[in-house]
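Visitor: Predicted model and sequence follow; I will ask about them next.
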Amino acid sequence: MKEQRLYYKYSDYLKEKYGEKVYKLPINLPITCPNRLDGNGCSFCSEVGTGFEALASQVSVTEQLERTKILIEKKYKAKKFIAYFQNYTNTFMKLDVFQAYICEAAACLDIVEISISTRPDCIQKEYLDVLKSISEKYQVAISIELGLQTVNYHTLDTINRGHGLAEYIDAVLMIQSYAFPICTHIILNLPGDSMRDAIESAKILSALKIDIVKIHSLYIAKNTKLSYEYESGTIKICSKEEYIQRLIAFLEHLSPEIVVERLFSRVPEKDSLFSNWNTSWWKLQDEVIAKMNEQESYQGKCVCYLNGSAMKKLSYEDWFCHHIHQISELIEKRNI
């Protein structure tokens, strides 16, 4: 009997897709986010965005890739790489500039895939057309990462995300028409969210047939709106135990076909006021795995809500008797 896997790991997915280990190389562009043009952006986002491990944006795309690739090759003996446009909103630029950046990455040696991280409200057909053309010309795969964070649009308003759930659905449908894999970012412990929101996030991703999910535990970056609220006591972060409960419930309600890229955020200690309850991400991961084994939990365990799930309550016998009764009543009325 085949052993039940706890969750579909991203590393396994990449091995299946490329036949060997593949590593992401982060790219940092000199761009911004539309949400910062008339304010400070999302309440959790730091001045440098989220690309803590990336090189300076003034360094060319080619040099960023080559310098990072040397380090990864030496450490992991890697031969294939994903060029990961990570920081800020990597479609929020003029189309010709966007095309030039992507082409530069695609032309680099040993790049098998280009991953573009962006916002749901920054997806347009013209940009997807460019990606399709580049994919065909350079024979590289394309994937797109969308920062949703939560399906609770009230919380999206609270954290000043600048978009709602509808924009995300619109972007997903547009991208899927090009058959580009979609990775969605979800934060499971945003202030204002609950266990119900975690479960509903998993259900919506599953219903939309998203390919990959990157799960984040909320960290508090220094000098952000969220950091000021945290220090003043305006907001509170849920306990480690509560987060693990939400994470396991999320996985149980997530389609087993969806790849899970990570379970916890990773951020340098010097850049944050709070991160992962002062515990290393790998220790937390071990704790989750132990808990899932203890509870006989696994990804997809509770996926029974799609494809007209309520119809399961109606057995054939019930259906037959119900319709016989309706027919009998109809005959009686006609006889009257």
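Guide: Done, it's in. All values reported here derive from a predicted model rather than from experimental measurement.
Visitor: check contacts around residue 245.
Guide: Taking Cβ atoms under 8 Å, 6 or more residues apart in numbering, we find residue 245 in contact with residue 195. For every residue, glycine as well, the C-beta is placed using N, CA and C.
Visitor: name the element it belongs to?
Guide: Element membership of residue 245 [criterion: DSSP states H and E] is helix 240-252.
Visitor: For that helix, C-alpha coordinates in PDB please.
Guide: The C-alpha coordinates for helix 240-252 follow below in PDB (Å, rounded to 0.1, in the frame of the first residue of the first chain):
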ATOM      1  CA  LYS A 240       2.400  29.300  17.900                       C
ATOM      2  CA  GLU A 241       0.000  26.600  18.800                       C
ATOM      3  CA  GLU A 242      -2.900  28.400  17.200                       C
ATOM      4  CA  TYR A 243      -0.900  29.000  14.000                       C
ATOM      5  CA  ILE A 244       0.000  25.300  13.800                       C
ATOM      6  CA  GLN A 245      -3.700  24.400  14.200                       C
ATOM      7  CA  ARG A 246      -4.600  26.800  11.400                       C
ATOM      8  CA  LEU A 247      -1.800  25.500   9.200                       C
ATOM      9  CA  ILE A 248      -2.800  21.800   9.600                       C
ATOM     10  CA  ALA A 249      -6.500  22.700   9.000                       C
ATOM     11  CA  PHE A 250      -5.400  24.700   5.900                       C
ATOM     12  CA  LEU A 251      -3.500  21.700   4.500                       C
ATOM     13  CA  GLU A 252      -6.400  19.300   5.300                       C
END
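Visitor: Give me the next element, helix or strand, following that helix.
Guide: strand 259-262.
Visitor: Please enumerate the strands of this structure.
Guide: Here the chain has its strands, by DSSP state E, at 22-27, 80-85, 111-118, 141-149, 182-187, 212-216, 220-221, 259-262, 272-274.
Visitor: Show me the strands paired with the last one, marking each as parallel or antiparallel.
Guide: Meaning strand 272-274. Paired neighbours of strand 272-274 in the sheet (DSSP bridges): strand 220-221 (antiparallel).
Visitor: picking up where we left off before, in a markdown table: the strands of the chain, plus mean neighbour count.
Guide: Below are the strands of the chain laid out as a markdown table (neighbours: other Cβ atoms under 10 Å):
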| stretch | mean neighbour count |
| --- | --- |
| strand 22-27 | 22 |
| strand 80-85 | 23 |
| strand 111-118 | 22 |
| strand 141-149 | 22 |
| strand 182-187 | 22 |
| strand 212-216 | 22 |
| strand 220-221 | 21 |
| strand 259-262 | 19 |
| strand 272-274 | 17 |
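Visitor: which one of the ones you listed lies closest to residue 168?
Guide: Checking the strands of the chain against residue 168 by Cβ to Cβ gives strand 141-149 as the closest, at 5.0 Å.
Visitor: Partner strands of the closest one, with direction?
Guide: strand 111-118 (parallel), strand 182-187 (parallel).
Visitor: pLDDT (mean, whole number) over the first one?
Guide: Rounded to a whole number, the mean pLDDT of strand 111-118 is 98.
Visitor: now swap in the shortest one and tell me
Guide: The average of the pLDDT scores along strand 182-187 is 98.
Visitor: Tell me what angle that strand forms with strand 212-216.
Guide: 20 degrees (axes from the mean of the first three to the mean of the last three Cα atoms, to 10 degrees).
Visitor: send the alpha carbons of strand 182-187 over as PDB?
Guide: Extracted as PDB, the C-alpha positions of strand 182-187 are listed here (Å, rounded to 0.1, in the frame of the first residue of the first chain):
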ATOM      1  CA  ILE A 182       0.200  30.000 -10.500                       C
ATOM      2  CA  CYS A 183       1.700  30.200  -7.000                       C
ATOM      3  CA  THR A 184      -0.500  32.000  -4.500                       C
ATOM      4  CA  HIS A 185       1.000  33.600  -1.300                       C
ATOM      5  CA  ILE A 186      -1.200  33.200   1.800                       C
ATOM      6  CA  ILE A 187      -0.500  34.500   5.400                       C
END
